[in-house]
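Participant: Predicted coordinates and the sequence they were generated for:
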Amino acid sequence: EAGVAQSPRYKIIEKRQSVAFWCNPISGHATLYWYQQILGQGPKLLIQFQNNGVVDDSQLPKDRFSAERLKGVDSTLKIQPAKLEDSAVYLCASSPNLRQSSYNEQFFGPGTRLTVL
Amino acid sequence: DAKTTQPPSMDCAEGRAANLPCNHSTISGNEYVYWYRQIHSQGPQYIIHGLKNNETNEMASLIITEDRKSSTLILPHATLRDTAVYYCIVRVNTGTASKLTFGTGTRLQVML
């Protein structure tokens, strides 16, 4: 079974530029998450999708961050304009939504490391 | 979701058992204990979870105290590939997918 795919793996931009990250979840997984992981910290949820609808975006800085999952499969996360403090690893994860299961394990991609200069 | 407390780092000799503690003194009756780990330059990986009974799978064992205020993840025979940051997470199982709230975890270094 193929895992969660993310691209690019690395990105270096200057502040005030724009950047976009792409995620392809595991086939059939209804739920998709974007996490931000700053160096030395644990991942923090930015946004959660259920199919193509947003479930939780309470910690997404909406003035500069946006995300979409138009067809309920792939997703993109965009930052416009980027700030120095956005330097982090952006992780995508997916999970099935098995209502008969007591737990829906999350499967993470390798992440995109963003450096803002 | 209840907060957890973990030591920032631990060392373990290869081939020995690694015992990683986690305190979750404010855990509620319907909250589960989960463990994930993150190997360098990779995304987190699920290890195990439990409610109140001890659990074991092919990766590890989870021991939860009777009062559920703390737990220990046991890697029975640690190898160099087990070097990673281990996260203890407490959350409710809603029957649907929901977010994970990560702390700073324990950095386990397995040594020769």
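Facilitator: Sure thing, it's come through. The shown structure was predicted, so the numbers you read here are calculated from the model rather than taken from an experiment. Residues are numbered from 1 along each chain as shown, chains lettered A, B, ... in the order given.
Participant: CA atoms for contacts and neighbours, from now on please.
Facilitator: Fine.
Participant: Quick check: closest non-adjacent residue to the residue positioned nearest the centre of chain A.
Facilitator: Closest residue to the average C-alpha location of chain A: residue A:34 at 2.4 Å, with CA atoms, centre = their mean. Once flanking residues are discounted, residue A:34 sits nearest to residue A:92: 4.6 Å by CA to CA, 6 or more residues apart in numbering or on different chains.
Participant: Does anything pack onto the helix or strand hosting the one you found? Which helices or strands?
Facilitator: Under the criterion of DSSP states H and E, residue A:92 resides in strand A:88-95. For strand A:88-95, the packing partners by 3 or more CA pairs under 8 Å, 6 or more residues apart in numbering or on different chains; DSSP states H and E come out as strand A:31-37, strand A:107-108, strand A:112-116.
Participant: List the strands paired with the first one, with their directions.
Facilitator: If I follow you right, that is strand A:31-37. Strand A:31-37 has its sheet partners listed here by DSSP bridges as strand A:44-50 (antiparallel), strand A:88-95 (antiparallel).
Participant: now it, how far from the centre of its chain.
Facilitator: 4 Å (CA atoms, centre = their mean, to the nearest Å).
Participant: and the angle from that strand to strand A:112-116?
Facilitator: Angle, strand A:31-37 to strand A:112-116, by axes from the mean of the first three to the mean of the last three CA atoms, to 10 degrees: 40 degrees.
Participant: Can you add mean neighbour count, distance to residue B:33 and mean pLDDT and give the strands paired with strand A:31-37 back as a markdown table?
Facilitator: Formatted as a markdown table, these follow (neighbours: other CA atoms under 10 Å in any protein chain shown; distance: least, CA to CA, whole Å; pLDDT from 0 to 100):
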| stretch | mean neighbour count | distance to residue B:33 | mean pLDDT |
| --- | --- | --- | --- |
| strand A:44-50 | 23 | 18 | 94 |
| strand A:88-95 | 26 | 18 | 96 |
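Participant: In a markdown table: these, plus distance to residue B:85.
Facilitator: A markdown table is the format used below for the strands paired with strand A:31-37 (distance: least, CA to CA, whole Å):
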| stretch | distance to residue B:85 |
| --- | --- |
| strand A:44-50 | 15 |
| strand A:88-95 | 15 |
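Participant: contacts for stretch B:57-64?
Facilitator: B:47-56, B:70-76 (CA atoms under 8 Å, 6 or more residues apart in numbering or on different chains).
Participant: Buried members of these into PyMOL, please.
Facilitator: Buried members of the contacts of stretch B:57-64, defined by 16 or more other CA atoms under 10 Å in any protein chain shown, are picked up in PyMOL with:
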select buried, chain B and resi 47+48+49+50+51+52+56+70+71+72+73+74+75
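Participant: And the strands in chain B, which stretches?
Facilitator: Assigned strands in chain B, in chain order: B:9-13, B:18-23, B:31-38, B:45-50, B:55-56, B:61-64, B:70-75, B:84-92, B:106-111 (criterion: DSSP state E).
Participant: so where's the chain uncertain?
Facilitator: Let's take chain A. Flagging of chain A using pLDDT under 70 yields the residue ranges A:1, A:98-103.
Participant: sorry, should have said chain B
Facilitator: B:1-2, B:94-97.
Participant: 90 instead?
Facilitator: B:1-3, B:29-31, B:53, B:91-100 (pLDDT under 90).
Participant: which residue is nearest the centroid of it?
Facilitator: Closest-to-mean residue, chain B, CA atoms, centre = their mean: residue B:35 / 3.3 Å.
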